[in-house]
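>>> When you get a sec, could you give me coordinates for this:
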Amino acid sequence: MTAAENVCYTLINVTSDSEPPSEVSLKTDLEKGEIKAKTEALKKVIIMILNGEKLPGLLMTIIRFVLPLQDHTIKKLLLVFWEIVPKTTPDGKLLQEMILVCDAYRKDLQHPNEFIRGSTLRFLCKLKESELLEPLMPAIRACLEHRHSYVRRNAVLAIYTIYRNFEHLIPDAPELIHDFLVNEKDASCKRNAFMMLIHADQDRALDYLSTCIDQVHTFGDILQLVIVELIYKVCHANPSERARFIRCIYNLLQSSSPAVKYEAAGTLVTLSSAPTAIKAAAQCYIDLIIKESDNNVKLIVLDRLIELKEHPTHERVLQDLVMDILRVLTTPDLEVRKKTLQLALDLVSSRNVEELVIVLKKEVIKTNNVTEHEDTDKYRQLLVRTLHSCSVRFPDMAANVIPVLMEFLSDTNEAAAADVLEFVREAIQRFDNLRPLVIEKMLEVFHAIKTVKIYRGALWILGEYCSTKEDIQSVMTEVRRSLGEIPIVDNEIKKETGEVKPEDEVSAAPAQKLVTEMGTYVTQSALSSSRPSKKEEDRPPLRSFLMDGDFYVAASLATTLTKVALRYVAIVQDKKKQNSFVAESMLIMVTVLHLGKSSLPKKPITDDDVDRISLCLKVLSECSPLMNDIFNKECRKSLSHMLTVRLEEEKLSQKKESEKRNVTVQADDPISFMQLTAKNEMTSKEDQFQLSLLAAMGNTQRKEAADPLASKLNKVTQLTGFSDPVYAEAYVHVNQYDIVLDVLVVNQTSDTLQNCTLELATLGDLKLVEKPSPLTLAPHDFANIKANVKVASTENGIIFGNIVYDVSGAASDRNCVVLSDIHIDIMDYIQPASCTDAEFRQMWAEFEWENKVTVNTNITDLNDYLQHILKSTNMKCLTPEKALSGFCGFMAANLYARSIFGEDALANVSIEKPIHLGPDAPVNGHIRIRAKSQGMALSLGDKINLSQKKTNV
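Alright, predicted model coming up:
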């Protein structure tokens, strides 16, 4: 084991700019100085020894003049000094002076001050020389009976480490500690003693637990945690013991400590798959989420619930707890709510869907009463989408949900209203029985819609699905009400010149023409329909959209009027009524065209909108059967086809998910009989405690790919040349938010290299955590230096630096070897993710950094190129497979990924196959990347550029 890999107990900050003092001056300070001077001198000695200096001449000085002092600061420093100072001669024998040190520590172990005793016992845990420890064993044993718990608990730790390292010094340690544990009352001492027995003599630990298993719930939380760990390990190694201890775990679920409850629930799930056990564990998790205030804790525990749900047999148990899970929605954090709703949606079934919908409806109504906040809007969107999914899966629920949600069409938050509109559109298409209800509610809220996008969608739904004469007339009424008096241009000019007074307007100005049963027009007073237009803001909604220059809504209005007019002609046989309705529809279109061509709106009408309105006028003037089919049948067929395809995709993804979760057993799989299996083979499940420890230390065991190039050697970067005096290479280990550089440094000269220092600097959003310590390298010796680099965002980073050293005995300046750059790959931080088309478009519009990459590849197939890009960039293709299938010589696809820092990356691939250049011509086109930060956009572009060409391995 190299020096860099040794366990470090004590970290000391070293100021790099200070000059190292001479050995003579240090000796003088240690011999004759005051307490303060001796303290400072001792600190300097410790730092110099850590930097590789030997200082053998000071050892006896410290023993004679510093060791006898009773000052607490000096005693603390001496503990550090004796930990790091070389205690053996070059041939491995213990130094004679250490006998004096040993005697001093024997006295400290008998010191009346409990702090000195306790800290000395902690220091003894770090000693690796059995000759030093042997004379101290009686004193250490005696400390087990000290009156103070601080001394006793450190004595247990000292005995444990000595027993683990040098069993011959205290062979009866487990028996000694067992007897100590039986009589001990202090929680921390019991915890340390029990932990020792777990690792040193598990049978004794079990014997003790058996004697007090009924009192476990009265123990302190630190001891309860260790008991949970023991039960887990015992049952993991010997499953026949489960029945003995499972009751104890059930009791610990009622512990007052959240940590104990969490660990007990996790252990219970691994020990038993009985429904009662799963339900108890899940209930415990839910209580923890609700009672814990920390959002990170809530998210972690929610993840454990989601893991439980992944098991097919556990899912049914959790379905009964859906209402309890929904209690978590009281948490204001959006991320927690998002995960909770997703979990509830995954668990919903015909048994609990009704209760779920009632709760979600209440939550939606609550969001309406809360003062507007960004998270409130997003939460409302989440609720709407969850209700949407419930209604699609359980059509009976749609009738209860729609009336509540349609109130939100008039919401100022466009995103939530758009989600409601999408839901309403799907519901009205799929469920014929709900159409009258939807149309009725839509007509009620139509006049209150505030945003133009929602207005367009509502117009389309009304135009597409109004099939009765009364509904069609109501649509026309609402349109006229929303448009105000026509012709619009004349009315607006009169207002500007002041010819129309507000009083006149109240009685007559926005008078509306309504079509009666007989087909004649009647006038309705403005008092009952709309407020008087005193200012620009008081204009009817549709007119205000048009005056703002948004004529796309006019094109939508023209299409709607054309559909309802054609349908009206088909329903009503009276020619006079037909003509009057068609004429009114054409009048509205013409007046809108007139307004668009005038100078009144803020922006003139576009040519596209003019063409659309003109086309609708032509269709109404001719009323041909072909146009009737296109407007009234083909539009709906397109929507129906789109919804069918989407439903198929959802079912396919659900099927894939369920296939992943279902544990398939092959016919020739061996059957394992518990009674016939050796103990060491009962390791079907990994040790959760070990895995969590490894994860915390950043040593998560990742399964290596089958490709041998994906091994560790592939991540080794050569930093210097083979002919350099110092050879260096680095293994780059990326662990989420930090990068560990393990640098191997080899001295290739015949000289001793002193103060050999690895100096690193970073470019990009990387930060070096600490400077690596200097080393002394013997001739042809090698050492490993580790450096930690923190990563703050997703962009390509570069680590560069050099190695500087002094040659022993040389008078020249410091030598320097410049290292090659280490490039940090962005792909370690990017993960595939998915989002809706609406979210993609919104992000595409918001993100300001765009990087356009020209396709330059040797791949000749469009689909192959897309798959190659997906593999190279870790992105996910959002464009459905059906849209990409077939061959037309052109392909467009949207890609999306999210970094571990929560940054979004979007890409649009537009590629084509130049057929005129022959079948072997490579793909060409562009990839546009958009991101919120410049670094992300540029880094992803660089990655695509580097990996565009396919290499034949």
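>>> So which residues of the stretch 501-650 of the chain form helices?
502-507, 541-547, 552-571, 575-597, 607-622, 625-629, 635-661 (DSSP state H, counting those that start in this stretch).
>>> Am I right that C125 is in contact with A155?
No. Between C125 and A155 there is no contact under Cβ atoms under 8 Å: 10.5 Å. Placement of C-beta: from N, CA and C, glycine included.
>>> burial count for G764?
When neighbours are counted by other Cβ atoms under 10 Å, G764 registers 17.
>>> and it, what are its phi and psi?
G764 adopts backbone torsions of phi 100, psi -170, taken as degrees, to the nearest 10.
>>> what number of residues lie near the nearest residue to it once chain neighbours are set aside?
Nearest residue to G764 in three dimensions, chain neighbours excluded: G797, at 3.5 Å (Cβ to Cβ, 6 or more residues apart in numbering). Taking other Cβ under 10 Å as the criterion, the count of residues near G797 is 23.
>>> Backbone dihedrals for G797, please?
Per degrees, to the nearest 10, the backbone of G797 is at phi -110, psi 160.
>>> Tell me what it is bridged to.
I824 (DSSP bridges).
>>> and C125 and A155? which has more neighbours close in?
More neighbours surround A155 than the other of C125 and A155, with 28 against 16 (other Cβ under 10 Å).
>>> quick one, what contacts the residue lying closest to that one once chain neighbours are set aside?
Spatial nearest neighbour of A155, excluding adjacent residues (Cβ to Cβ, 6+ apart): C143 at 3.8 Å. The contact partners of C143, by Cβ atoms under 8 Å, 6 or more residues apart in numbering, come to L109, R117, L121, V151, R152, N154, A155, A158.
>>> what does H314 give?
By Cβ under 8 Å, 6+ apart, the neighbours of H314 are S273, I278, L308.
>>> so which of those residues is the most crowded?
Neighbour-wise, the contacts of H314 (other Cβ under 10 Å) top out at I278, 23 neighbours.
>>> Confirm that it sits in a helix.
Yes. Applying DSSP: H, G, I helix; E, B strand; the rest coil, one finds I278 inside a helix.
>>> so where does the closest residue to it other than its chain neighbours fall, helix or strand?
Nearest residue to I278 in three dimensions, chain neighbours excluded: V317, at 4.5 Å (Cβ to Cβ, 6+ apart). Element membership for V317 (DSSP states H and E) is helix 312-319.
>>> Follow the chain on from that helix and name the next helix or strand.
Scanning onward from helix 312-319 (DSSP H and E), the first element met is helix 322-325.
>>> Report the mean per-residue pLDDT for the helix or strand just after that following helix.
Using DSSP H and E, the next helix or strand after helix 322-325 towards the C-terminus is helix 334-347. Helix 334-347 shows a mean pLDDT of 85 in the predicted model.
>>> In terms of secondary structure, what does helix 334-347 contact?
In terms of contacts (3 or more Cβ pairs under 8 Å, 6 or more residues apart in numbering; DSSP states H and E), helix 334-347 is packed against helix 295-310, helix 312-319, helix 322-325, helix 374-393.
>>> Show residues contacting it.
289, 295, 298-299, 302-303, 305-306, 309, 315, 318-319, 322, 325-326, 328-329, 331, 356, 375, 378-379, 382-383, 386, 389-390.
>>> likewise stretch 772-785?
Here stretch 772-785 makes contact (Cβ under 8 Å, 6+ apart) with 2-5, 14, 50-52, 742-758, 760, 786-787, 805.
>>> Just the ones of those residues in helices?
Members of the contacts of stretch 772-785 lying in helices (criterion: DSSP state H): L50.
>>> The contacts of stretch 772-785 in strands, which ones?
Of the positions in the contacts of stretch 772-785, 742-747, 753-758, 760, 786-787, 805 sit in strands, assigned by DSSP state E.
>>> which regions of the stretch 551-700 of the chain sit below the pLDDT cut-off?
628-629, 632-633, 636, 650-651, 653-700 (pLDDT under 70).
>>> returning to what we had before: same list (the helices of the stretch 501-650 of the chain) but as CSV, adding distance to Y105 and mean neighbour count.
Below are those laid out as CSV (distance: least, Cβ to Cβ, whole Å; neighbours: other Cβ atoms under 10 Å):
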stretch, distance to Y105, mean neighbour count
helix 502-507, 99, 14
helix 541-547, 87, 22
helix 552-571, 87, 22
helix 575-597, 96, 18
helix 607-622, 91, 16
helix 625-629, 100, 12
helix 635-661, 59, 12
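>>> quick one, which of the ones you listed is nearest to V234?
Of all the helices of the stretch 501-650 of the chain, it is helix 635-661 that lies closest to V234, at 29.7 Å by Cβ to Cβ.
>>> In contact with the closest residue to L421 other than its chain neighbours, which residues are there?
Spatial nearest neighbour of L421, chain neighbours left out: G457 (4.4 Å); criterion: Cβ to Cβ, 6+ apart. Taking Cβ under 8 Å, 6+ apart, we find G457 in contact with A418, L421, R425.
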